[in-house]
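>>> With the sequence up front, the predicted model follows.
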Amino acid sequence: MSPRSETAGAERTSPVPAVGFDLDMTLIDSRPGIRAAYRALTERTGVFVDADLAVTRLGPPLRTELGHWFPAEAVEEAVTIYRGLYPEFAITPSVPTAGAVEALAAVRSAGLRVVVVTSKLGRLAQLHLDHLGMRSDELAGDLFAEGKASALVEHGVRWYVGDHVADMVAARTAGVPGIGVTTGPCSATDLENAGATYVLSDLTAFPALLDEIAVGSGPGAG
């Protein structure tokens, strides 16, 4: 699938229900690659970014993290430089999270679609998916928290899976159940307090959960 825009496929609405997934620390462990990209940013700009710290709080938009290290007037330039470095440094080291490949397969086996909705820039998110052979039916990028909700609604997402409290906010805003995974920076309690309907330790438990909740949700249901 080739990315067409930051909300790829937004012009179409499919009758087939979908499961939505966040990307970083939900479907992929991007910490090794992002750490390398931040170190390359430090080398390029001369501005120190604590890469080890930065990767412990993935989820919010890039500008939020860079705002901790760069003066406000330099953030946009830093964003541009970082995104230029990203394909070289961040894609290859990143790996699927535990159970991610099987989770996507379970969605398709249930006759549902896969929609990825992420705060990462769409074209960079697509590079990760392509590198790891993780196909999505739709991809919406550069969205966070409540901002993800419009994409969830647009693409017919029935459940949204994410590792961050902001993902649970997105699900709640869209009026769909949020499925939290504790593979990112947020604890089970954090996710529950943010409105998660279900909380899993990782995606290895997702296929069994999907079997329970997706009855009657496939093509032609209802």
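All right, it came through fine.
>>> quick one, strands of this protein?
Using DSSP state E, the strands of the chain run over residues 18-21, 28-29, 95-96, 113-117, 138-140, 157-162, 178-181, 198-200.
>>> got CSV for these, with distance to residue 44, mean neighbour count and mean pLDDT too?
The way it works is simple: take the backbone N, C-alpha and C, and place the C-beta from them, glycine included. Shown next, in CSV, are the strands of the chain (distance: least, CB to CB, whole Å; neighbours: other CB atoms under 10 Å; pLDDT from 0 to 100):
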stretch, distance to residue 44, mean neighbour count, mean pLDDT
strand 18-21, 31, 28, 98
strand 28-29, 24, 24, 98
strand 95-96, 25, 16, 98
strand 113-117, 29, 26, 98
strand 138-140, 28, 26, 98
strand 157-162, 31, 27, 98
strand 178-181, 33, 29, 98
strand 198-200, 38, 19, 98
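>>> Reformat those strands as a markdown table; add distance to residue 168.
Shown next, in a markdown table, are the strands of the chain (distance: least, CB to CB, whole Å):
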| stretch | distance to residue 168 |
| --- | --- |
| strand 18-21 | 12 |
| strand 28-29 | 19 |
| strand 95-96 | 22 |
| strand 113-117 | 13 |
| strand 138-140 | 17 |
| strand 157-162 | 7 |
| strand 178-181 | 4 |
| strand 198-200 | 9 |
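>>> of the ones you listed, which approaches residue 132 most closely?
Smallest distance to residue 132 across those (CB to CB): 5.8 Å, for strand 95-96.
>>> Pull the distance from the closest one to the chain's centre.
Counting by CA atoms, centre = their mean, to the nearest Å, strand 95-96 is centred 13 Å from the centre of its parent chain.
>>> Does anything pack onto that strand? Which helices or strands?
Packed against strand 95-96, as judged by 3 or more CB pairs under 8 Å, 6 or more residues apart in numbering; DSSP states H and E, are the following elements: strand 28-29.
>>> what about 10 Å?
Applying 3 or more CB pairs under 10 Å, 6 or more residues apart in numbering; DSSP states H and E, one finds that strand 95-96 contacts strand 28-29, helix 31-45, helix 100-109, helix 122-132.
>>> what bits of the protein have low per-residue confidence?
By pLDDT under 70, the weakly predicted segments of the chain are 1-14, 216-222.
>>> okay, now the domains of the protein?
The chain breaks down into these domains under automatic domain parsing: 18-29+95-213, 31-89.
>>> if you compare the ones you listed, which one is most tucked away?
Most buried of these, by mean neighbour count (mean count of other CB atoms under 10 Å): domain 18-29+95-213, with a mean of 21.
>>> Tell me who's in contact with residue 105.
Counting by CB atoms under 10 Å, 6 or more residues apart in numbering, residue 105 touches 114, 207.
>>> how about a cut-off of 7 Å?
Residues near residue 105 by CB atoms under 7 Å, 6 or more residues apart in numbering: none.
>>> From residue 200, how far out is it?
Noted for residue 105: a distance of 16 Å to residue 200, by CB to CB, to the nearest Å.
>>> just residue 24 next, same as before
Distance from residue 24 to residue 200, counting by CB to CB: 17 Å.
>>> just residue 73 next, same as before
According to CB to CB, residue 73 and residue 200 sit 42 Å apart.
>>> so residue 83 makes contact with residue 121?
Yes: between residue 83 and residue 121 a contact is recorded at 6.3 Å, counting by CB atoms under 7 Å.
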